[in-house]
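Engineer: okay, predicted coordinates and the sequence, questions at the end:
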Amino acid sequence: NAGVTQTPKFQVLKTGQSMTLQCAQDMNHEYMSWYRQDPGMGLRLIHYSVGAGITDQGEVPNGYNVSRSTTEDFPLRLLSAAPSQTSVYFCASSYRRNQPQHFGDGTRLSIL
Amino acid sequence: DAKTTQPPSMDCAEGRAANLPCNHSTISGNEYVYWYRQIHSQGPQYIIHGLKNNETNEMASLIITEDRKSSTLILPHATLRDTAVYYCIVSDANTNAGKSTFGDGTTLTVKP
């Protein structure tokens, strides 16, 4: 059981570039989420999914897209990277409502 | 989801109990209280959760007041490895657990 796997661990982008952060879980969890964490701050929810084919917005969805074509994968796409999106991104999953979330190790993203 | 209020920082002597408070005065009847911690810049780690009864597991105890407007996480014998940011969040039983909002948490420093 690998848990929640995020790739890449580090990435540097130039302003305007696009990229996809990958998140995969092997626990057959229905619920998956993406958070960002800016230095010295808590986690803010970007997007979440309650199952394959279903996604919804969190607190800070602007500039990000998600899709959930399979139960296992929940990629996060940056459409046109901006310096304000420099952050650490965490993916999480949980089996069902009221169950604890399992977090990945994060992707550290810098946008120049 | 209800908001939570936590003190920004606390200190604790190694070997003593660490008592971390959380205020959630607007909590509704369906909302669970969850506690997570984040060590350095790792992904958050689930600790414990509860609805109205006190809970205990191998990591900690959770005490919820009778009116459910506040709770306390207790680490019975704090070690240096318990130094971390502790997050208290509340989540509606009828919504996706991944929709939970993380605040800034409490930075617990365990001192020798």
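Structural biologist: Thanks, I have the structure now.

Engineer: contacting residues around A:P8?
Structural biologist: A:21-22, A:107 (C-beta atoms under 8 Å, 6 or more residues apart in numbering or on different chains). All C-beta atoms are positioned from the backbone trio N, CA, C, and that covers glycine.

Engineer: and the residues you listed as TSV, adding neighbour count and distance to B:G43?
Structural biologist: Converted to TSV, those look like this (neighbours: other C-beta atoms under 10 Å in any protein chain shown; distance: C-beta to C-beta, whole Å):
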residue	neighbour count	distance to B:G43
A:L21	22	14
A:Q22	15	15
A:T107	23	11
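
Engineer: out of those, which one sits closest to chain B?
Structural biologist: Closest approach between the contacts of A:P8 and chain B, by C-beta to the nearest C-beta: A:T107, at 10.6 Å.

Engineer: that closest one contacts A:L13, correct?
Structural biologist: No: in this structure, A:T107 is not within contact of A:L13 by C-beta atoms under 8 Å, at 11.4 Å.

Engineer: coming back round to it: so which of the contacts of A:P8 reach chain B?
Structural biologist: With C-beta under 8 Å from any C-beta of the partner chain as the criterion, those include none near chain B.

Engineer: just the ones of these in helices?
Structural biologist: Assigned to helices by DSSP state H, none of the contacts of A:P8 qualify.

Engineer: in chain A, which ranges drop under the pLDDT threshold?
Structural biologist: Chain A contains residues with pLDDT under 70 at A:1, A:97-98.

Engineer: what residues are up against the residue nearest the centre of chain A?
Structural biologist: Nearest residue to the geometric centre of chain A (C-alpha atoms, centre = their mean): A:W34, 3.2 Å. Applying C-beta under 8 Å, 6+ apart, we find A:W34 in contact with A:21, A:23, A:45-48, A:58, A:64, A:66, A:74, A:76, A:89-92.

Engineer: which one of those sits closest to B:T79?
Structural biologist: A:F90 (24.9 Å; C-beta to C-beta).

Engineer: residues near the closest one, how many?
Structural biologist: Neighbours of A:F90 under the rule other C-beta atoms under 10 Å in any protein chain shown: 27.

Engineer: with A:D73 instead?
Structural biologist: Neighbour number of A:D73 under other C-beta under 10 Å is 15.

Engineer: who does the residue lying closest to it once chain neighbours are set aside bridge with?
Structural biologist: Leaving aside its sequence neighbours, A:D73 sits nearest to A:A24 (C-beta to C-beta, 6 or more residues apart in numbering or on different chains; 5.2 Å). Beta-bridge partners of A:A24, counted by DSSP bridges, are A:T5, A:D73.

Engineer: surely A:A24 touches A:M32?
Structural biologist: No: counting by C-beta under 8 Å, A:A24 does not reach A:M32; the two are 9.6 Å apart.

Engineer: out of those two, which sits in the busier spot?
Structural biologist: Neighbour count, other C-beta under 10 Å: between A:A24 and A:M32, A:M32 has more, with 30 against 19.

Engineer: counting by contacts, list what the lowest-mean-pLDDT helix or strand in chain B packs against.
Structural biologist: In chain B, no helix or strand scores lower on mean pLDDT, DSSP states H and E than strand B:84-92, which sits at a mean of 91. Here strand B:84-92 touches strand B:18-23, strand B:31-38, strand B:70-75, strand B:106-111, going by 3 or more C-beta pairs under 8 Å, 6 or more residues apart in numbering or on different chains; DSSP states H and E.
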